[in-house]
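Asker: sharing a model that was predicted from the sequence below.
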Amino acid sequence: MHSHRAVELLKTLNEDELKEFGGFIESPFFNNRDVLVRLFKTVVKYAPDYKSKVLSKEKLYTKIYPGKKYNEQTLRSRMSEFASLIR
């Protein structure tokens, strides 16, 4: 996967913390963006090393935005929002 601070932050979480964060991100009180839930569910499958071809920028984008053309700026924005939630 491309290096991003969100992934680096996820690497610091243990299994229990990842489960807790999953509950947090799915809570509409803390997060009202379904795309961030899809992003989390896609990325967390590859814990703890987060290395997979599925996590390349283009493939990750198609997982969280099925049927849409790749847009780098949109992916960057979602990854930044995701990192903010992790922090």
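Answerer: Thanks, I have the structure now. Quick caveat, the model's predicted, so the values are computed rather than measured.

Asker: rest of the way, CA atoms for contacts and neighbours
Answerer: Fine.

Asker: may I have the helix or strand of the chain with the lowest mean pLDDT as PDB, with CA atoms only?
Answerer: None of the helices or strands of the chain scores lower by mean pLDDT, DSSP states H and E than helix 5-11, at a mean of 89. C-alpha atoms of helix 5-11 as PDB (Å, rounded to 0.1, in the frame of the first residue of the first chain):
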ATOM      1  CA  ARG A   5      -0.100   8.400   8.000                       C
ATOM      2  CA  ALA A   6      -3.500   6.700   8.500                       C
ATOM      3  CA  VAL A   7      -1.900   3.300   7.800                       C
ATOM      4  CA  GLU A   8       1.000   4.100  10.000                       C
ATOM      5  CA  LEU A   9      -1.400   5.000  12.800                       C
ATOM      6  CA  LEU A  10      -3.400   1.800  12.300                       C
ATOM      7  CA  LYS A  11      -0.100  -0.200  12.600                       C
END
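
Asker: packing partners of that helix?
Answerer: Other helices and strands packing on helix 5-11, by 3 or more CA pairs under 8 Å, 6 or more residues apart in numbering; DSSP states H and E, are helix 72-86.

Asker: I'd like the average pLDDT over the helix it packs on.
Answerer: What helix 72-86 shows for mean pLDDT is 94.

Asker: go on, stretch 37-56?
Answerer: Stretch 37-56 comes out with an average pLDDT of 90.

Asker: list the buried ones in that stretch?
Answerer: 37, 39-40, 43-44, 50, 54-55 (16 or more other CA atoms under 10 Å).

Asker: same check on stretch 52-72?
Answerer: For stretch 52-72, a neighbour-count test (16+ other CA under 10 Å) marks 54-55, 57, 60-61, 63-65, 70 as buried.

Asker: now do stretch 15-35
Answerer: By neighbour count on 16+ other CA under 10 Å, the buried set for stretch 15-35 is 18, 21, 24-26, 31.

Asker: got it, and stretch 73-87?
Answerer: Residues of stretch 73-87 classed as buried under the neighbour-count rule (16+ other CA under 10 Å) are 75, 78-79, 82-83, 86.
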